[in-house]
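J.: Here you go, sequence then predicted model.
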Amino acid sequence: MTTIVSATRFDAKAATDAFLAVLPPAGHLKAIHYTQGGHWLLLWGWLVTVAACWLIARSRVLNRMETAITRKGRRPILASFVLALIFFLGDAVLELPWNAYANWWRETSYGLTSQPFGSWLGEQLIGDAIGGVLTGVFLVALYALIRRAPRIWWAWAGGLVAIFTVFMLVIGPVLIEPIFNTFTPAPPGVTRDAVVALAKTAGVPSDKIYIYNGSKQSNRYTANVSGLFGSARVAMSDVMFKKNADIPEVRGVVGHEMGHYKRNHVIFGAIASAVLALVGLGLIDLAFPTVNRWLGTGAAEIADPAGLPTLIALVATLTLLATPLTSTLSRLQEADADAFSLRVAHEPDGLSKALVKTIEYRADSPSWLEEFLFYDHPSVRRRVQTAMNWKARHMEVAKAQAAADAALH
């Protein structure tokens, strides 16, 4: 990448255009098709979920199992858990063809995964099993709340969602993620030294930087921050290094993920989830009787776990309708993490080079409406432009950091 600098000043717009031109027009067109097709997947995925709920409701399998469980007396906890497991098993089977298309075949056709179908299917089944058990435990608590406070259960349920979210954040990196991937501390060397130095500057624990074999599932250039409290960590996919990430890129990307950690985005996300759940479950409480009649579950009230298909269909519907809001909240956090990376890592070019490598699965220049409705990250063009604007304002800092990076080689 050649930096574009005029005789008098740095041209941020020209530099942005130059970064985006690294990907040829055919690559940009492919990214647009993939991204816009992904928007339609939201609608089709919702329809598949609602159809699965309707089929399970009409089968009356939940009603028959509930009758068998309660034949010798009321056993609400057992009924809630068993019916939840049966529902999610049935739903997983019914939605498996769709998930195979959306999450494996389509990804394979766009070159975004090299994972064999058998491997994908095995991980999908393991994920469904874990998700079914954990969701069953959550629903036991939720139905207990509904029975205890039938009028205002939804208000208490917001707190339940917050507790469950925090629980999942804590155990995820320790118990769940290692089932699917191997996480190892960044090995000794120039890259680790650069990351450790950046962690000290950012005030982030330097022993929480990991590399994982993300190429096992995806060819996407990515990194993430996960966990909470002692389990929190920054993890870089090995795809980054297979795509020749250099020191400036690593610093820019890890600085972004450290921004999520340092700015407590995970905690704010949990709070936002609780608030949205409170509002959403309040709406579900109002809509349940009408939608339940349409689906025909046979459940007399929302406290009856046989009405779970109605509950899940409503959750799926509200989740779809809330996409612009949840996407906006995510975009704000991503922009804040970018700003943190620029302030701490001083790597506008490195961050931009990394962002360009994500265009293959996220078209770089959507319309404002498309970005508002669907994008959970700011567009790549907007992010690169922000980085170049920062560089224009901090040319001396950027030059000093570039010199320091060069000295590491």
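T.: Sure, I can see it.
J.: contacting residues around A402?
T.: Going by C-beta atoms under 8 Å, 6 or more residues apart in numbering, A402 touches 248, 349. Quick note: C-beta positions are derived from backbone N, CA and C, even for glycine.
J.: Now stretch 150-170 - C-alpha only, PDB.
T.: Output of stretch 150-170 as PDB, limited to C-alpha atoms (Å, rounded to 0.1, in the frame of the first residue of the first chain):
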ATOM      1  CA  PRO A 150     -48.000 -13.900  36.300                       C
ATOM      2  CA  ARG A 151     -48.800 -10.200  35.900                       C
ATOM      3  CA  ILE A 152     -45.300  -8.700  35.900                       C
ATOM      4  CA  TRP A 153     -43.100 -11.700  35.100                       C
ATOM      5  CA  TRP A 154     -41.700  -9.900  32.100                       C
ATOM      6  CA  ALA A 155     -40.200  -7.100  34.300                       C
ATOM      7  CA  TRP A 156     -38.300  -9.700  36.400                       C
ATOM      8  CA  ALA A 157     -37.300 -11.600  33.300                       C
ATOM      9  CA  GLY A 158     -35.100  -8.700  32.200                       C
ATOM     10  CA  GLY A 159     -32.900  -9.300  35.200                       C
ATOM     11  CA  LEU A 160     -32.900 -13.000  34.500                       C
ATOM     12  CA  VAL A 161     -31.700 -12.300  31.000                       C
ATOM     13  CA  ALA A 162     -28.900 -10.100  32.400                       C
ATOM     14  CA  ILE A 163     -27.800 -12.900  34.900                       C
ATOM     15  CA  PHE A 164     -27.900 -15.600  32.200                       C
ATOM     16  CA  THR A 165     -25.900 -13.300  29.800                       C
ATOM     17  CA  VAL A 166     -23.200 -12.700  32.300                       C
ATOM     18  CA  PHE A 167     -23.100 -16.400  33.200                       C
ATOM     19  CA  MET A 168     -22.600 -17.300  29.500                       C
ATOM     20  CA  LEU A 169     -19.900 -14.600  29.100                       C
ATOM     21  CA  VAL A 170     -18.000 -16.000  32.000                       C
END
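J.: centre of the chain versus stretch 286-299, how much separation?
T.: Relative to the chain's own centre, stretch 286-299 is displaced by 31 Å; criterion: C-alpha atoms, centre = their mean, to the nearest Å.
J.: What residues of that stretch count as buried?
T.: 288, 291-292, 295, 297-299 (16 or more other C-beta atoms under 10 Å).
J.: Check stretch 215-234 too.
T.: Per 16+ other C-beta under 10 Å, stretch 215-234 contains these buried residues: 215-223, 225-228, 231-234.
J.: Please report how far S119 lies from I271.
T.: 36 Å (C-beta to C-beta, to the nearest Å).
J.: picking that back up, now, the buried residues of stretch 286-299 that are in strands?
T.: Residues of the buried residues of stretch 286-299 located in strands (DSSP state E): none.
J.: Reformat those as CSV; add distance to G111 and pLDDT.
T.: Shown next, in CSV, are the buried residues of stretch 286-299 (distance: C-beta to C-beta, whole Å; pLDDT from 0 to 100):
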residue, distance to G111, pLDDT
F288, 43, 96
V291, 40, 96
N292, 44, 95
L295, 40, 93
T297, 42, 92
G298, 47, 90
A299, 45, 91
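J.: Out of those residues, which is nearest to S327?
T.: Within the buried residues of stretch 286-299, proximity to S327 (C-beta to C-beta) peaks at V291, which comes in at 25.1 Å.
J.: and the spatially closest residue to that closest one that is not a sequence neighbour, how many residues sit next to it?
T.: In space, and not counting its chain neighbours, V291 is closest to T310: 5.3 Å by C-beta to C-beta, 6 or more residues apart in numbering. Neighbour count for T310, taken as other C-beta atoms under 10 Å: 27.
J.: Go ahead and list the helix or strand containing T310.
T.: helix 308-321 (DSSP states H and E).
J.: counting contacts, what elements does that helix pack onto?
T.: Contact here means 3 or more C-beta pairs under 8 Å, 6 or more residues apart in numbering; DSSP states H and E; on that basis helix 308-321 packs against helix 25-59, helix 76-100, helix 265-295.
J.: for this protein, what spans make up the strands?
T.: 183-185, 209-212, 223-226, 233-237.
J.: could I get those as CSV with mean pLDDT and distance to L125?
T.: As requested, those are exported to CSV (pLDDT from 0 to 100; distance: least, C-beta to C-beta, whole Å):
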stretch, mean pLDDT, distance to L125
strand 183-185, 91, 22
strand 209-212, 90, 21
strand 223-226, 84, 22
strand 233-237, 88, 23
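J.: Flag the shaky bits of the chain, pLDDT-wise.
T.: 1-8, 408-409 (pLDDT under 70).
J.: burial measure for the closest residue to F180 other than its chain neighbours, as a count.
T.: Distances taken as C-beta to C-beta, 6+ apart place E123 nearest to F180, at 5.8 Å, with adjacent residues excluded. Residues within reach of E123, counting by other C-beta under 10 Å, total 16.
J.: so how far is E370 from E123?
T.: 31 Å.
J.: just E177 next, same as before
T.: Counting by C-beta to C-beta, the gap from E177 to E370 is 31 Å.
J.: gap between K13 and A404?
T.: 27 Å.
J.: and those two? which has more neighbours close in?
T.: A404 (15 against 12).
J.: tell me the contacts of the residue nearest to G282 when sequence neighbours are not counted?
T.: In space, and not counting its chain neighbours, G282 is closest to W154: 4.5 Å by C-beta to C-beta, 6+ apart. Under the criterion of C-beta under 8 Å, 6+ apart, the neighbours of W154 are 278, 281-282, 284-285.
J.: can you redo these as a markdown table with neighbour count and distance to I56?
T.: Output for the contacts of W154, formatted as a markdown table (neighbours: other C-beta atoms under 10 Å; distance: C-beta to C-beta, whole Å):
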| residue | neighbour count | distance to I56 |
| --- | --- | --- |
| L278 | 18 | 27 |
| L281 | 26 | 21 |
| G282 | 16 | 25 |
| I284 | 21 | 18 |
| D285 | 19 | 21 |
